[in-house]
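Q: Fold the following, please.
(4 chains)
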There are 2 protein chains.
Amino acid sequence: MIDLSPVKQKFILHWGEMGTRWGINRTVAQIHALLYLSRKPLHAEEIARTLSVARSNVSTSLRELQNWGIVKVVHVLGDRRDHFESMKDVWEMFRKVLAERKKREIDPTLSLLRECLSEAQKEKSADADKDTQERLRELLGFFEAMTTCYEQVRHVPTGNVVKFVKLGDEVTRMLGITPR
Amino acid sequence: MIDLSPVKQKFILHWGEMGTRWGINRTVAQIHALLYLSRKPLHAEEIARTLSVARSNVSTSLRELQNWGIVKVVHVLGDRRDHFESMKDVWEMFRKVLAERKKREIDPTLSLLRECLSEAQKEKSADADKDTQERLRELLGFFEAMTTCYEQVRHVPTGNVVKFVKLGDEVTRMLGITPR
DNA sequence: CAGTTATTTCGGTAAGTTCAGAATCTAACA
DNA sequence: TGTTAGATTCTGAACTTACCGAAATAACTG
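A: Residues are numbered from 1 along each chain as shown, chains lettered A, B, ... in the order given. Model (predicted):
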């Protein structure tokens, strides 16, 4: 951490904390922050030294970041060590994470809700739990809406994000769909 | 757990798992699932028994759910124990959580990024780290866009959510803002 | 106000996670 | 083909977080 400017330190620590709040391992998030801020790709040893964490820990964490699809291995001429760099396009990065979370958490939840609903219909005490069914159905509806929403957002190219957000603002205002 | 239908069990367990992935304590999420599915408000003792967790643990978790604003205390006539019920409107619940997460995580991140940027400008090695500044600025831009986005979504009444999502779909398609 | 029941707080313990270092594996290079 | 730098995996220790049960507190009843 000594090698880092105070600003970088501050950000990396914060990002680590935020990670834990969203179910991401602290070290994983810190490494991500470090790579995101780094001008050049770093090798594992360098990361371990900079953040004062074990080399092994870095290895595992990098693997995870690669699984999220936001960190990539690159090679530097004349150096046989792997170097790692983070995606720099924030929007693209966000989309990656969104896609991955959908795959890991939303999709399984959709399946589960559907299973539950079909099982609920077969159950003996069927009408006794009409209520549960209704609840599950509403939740399913919600996640389906989220999926639709995601499908739209997923294809907006980075350059258009701001435009897109502003547009949404206009439209909702015009149509008065959001009475306050 | 014995008192629960298989379907309820299944859902509660899943919801608990999903909770952990998003930084929510497993028990907290399970209690939330239980209350969400429950037709009538439950008292703490009942929750503890049903989920086989300690009474005290239930107490703490309920407090947390109340902090999120998605569980409320209600009183049952002729019973002096507190009873708890979950909000049933999924969309409303989602908005609550969104609002809370914004307050707890996004807003502090915005502040931090602004601090970092202003400190970065004062730093000695100022131009050496033009790059870092640029990265931070982009991240800030992203979170600002997210905030705008949130502000729109935040006022959509439950009845209009589906309409809203479909509308977004139409608009983006019409304008061809999302070329595939 | 004494007795009863519900709720919260707190200290210890169990469970889970993170981490360092050793052992193993892989591949570059002589 | 042997040597070595680098990457990965494994294991036990340290630390963190979640959880329980006991004790204290608060709320109610007669």
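Q: so what's A:Gly23 up against?
A: With contacts defined as Cβ atoms under 8 Å, 6 or more residues apart in numbering or on different chains, A:Gly23 is in contact with B:20-23. Every residue, glycine included, has its C-beta placed from N, CA and C.
Q: Could you confirm whether stretch A:18-36 reaches DNA strand C?
A: Yes. For stretch A:18-36, a contact with DNA strand C is found by Cβ under 7 Å from any atom of the strand, at A:25-27.
Q: For the residues you listed, give me CSV that also has pLDDT and secondary structure.
A: Output for those, formatted as CSV (pLDDT from 0 to 100; DSSP: H, G, I helix; E, B strand; the rest coil):
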residue, pLDDT, secondary structure
A:Asn25, 89, coil
A:Arg26, 88, helix
A:Thr27, 92, helix
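Q: Let's see if you can find the most crowded of the residues you listed.
A: Of all these, the highest neighbour tally under other Cβ atoms under 10 Å in any protein chain shown goes to A:Thr27, namely 19 neighbours.
Q: what about the helices in chain A?
A: Listed in chain order, the helices of chain A (DSSP state H) span A:6-21, A:26-37, A:44-51, A:55-68, A:90-101, A:107-122, A:130-153, A:161-175.
Q: Now do the first one against helix A:44-51, angle only.
A: Looking back up the chat, that one is helix A:6-21. Per axes from the mean of the first three to the mean of the last three Cα atoms, to 10 degrees, the angle that helix A:6-21 makes with helix A:44-51 is 100 degrees.
Q: again, but for the fourth one
A: Following the same axes, to 10 degrees, one obtains 110 degrees for the angle between helix A:55-68 and helix A:44-51.
Q: And helix A:55-68, what's buried?
A: A:57-58, A:61-62, A:65, A:68 (16 or more other Cβ atoms under 10 Å in any protein chain shown).
Q: And for the third one?
A: Within helix A:44-51, the residues that qualify as buried are A:44, A:46-48, A:50-51, counting by 16+ other Cβ under 10 Å.
Q: So is it next to DNA strand D?
A: Yes. Residues of helix A:44-51 contacting DNA strand D under Cβ under 7 Å from any atom of the strand: A:44-45.
Q: what helices or strands is that helix leaning on?
A: helix A:26-37, helix A:55-68, strand A:82-86 (3 or more Cβ pairs under 8 Å, 6 or more residues apart in numbering or on different chains; DSSP states H and E).
Q: Next, the angle from it to helix A:26-37.
A: Going by the same axes, to 10 degrees, helix A:44-51 makes 100 degrees with helix A:26-37.
Q: The helices of chain A: which one's closest to B:Gln9?
A: B:Gln9 lies closest to helix A:107-122 among the helices of chain A, at 9.9 Å (Cβ to Cβ).
Q: residue contacts, the residue of chain A found nearest DNA strand C?
A: Nearest to DNA strand C in chain A, going by Cβ to the nearest atom of the strand, is A:Ala54, at a distance of 2.2 Å. Each residue near A:Ala54 by Cβ under 8 Å, 6+ apart is listed here: A:Ala48.
Q: Could I get the pLDDT score of it?
A: With respect to pLDDT, A:Ala54 has a value of 91.
Q: Phi, psi for it please.
A: Phi and psi for A:Ala54, reported as degrees, to the nearest 10, are phi -70, psi 140.
Q: now do A:Val156
A: Per degrees, to the nearest 10, the backbone of A:Val156 is at phi -70, psi 120.
Q: Any idea how far stretch A:71-85 is from the middle of the chain?
A: 24 Å (Cα atoms, centre = their mean, to the nearest Å).
Q: now the end-to-end length of it.
A: When the termini of stretch A:71-85 are compared using Cα to Cα, to the nearest Å, they are 6 Å apart.
Q: Lovely, talk soon.
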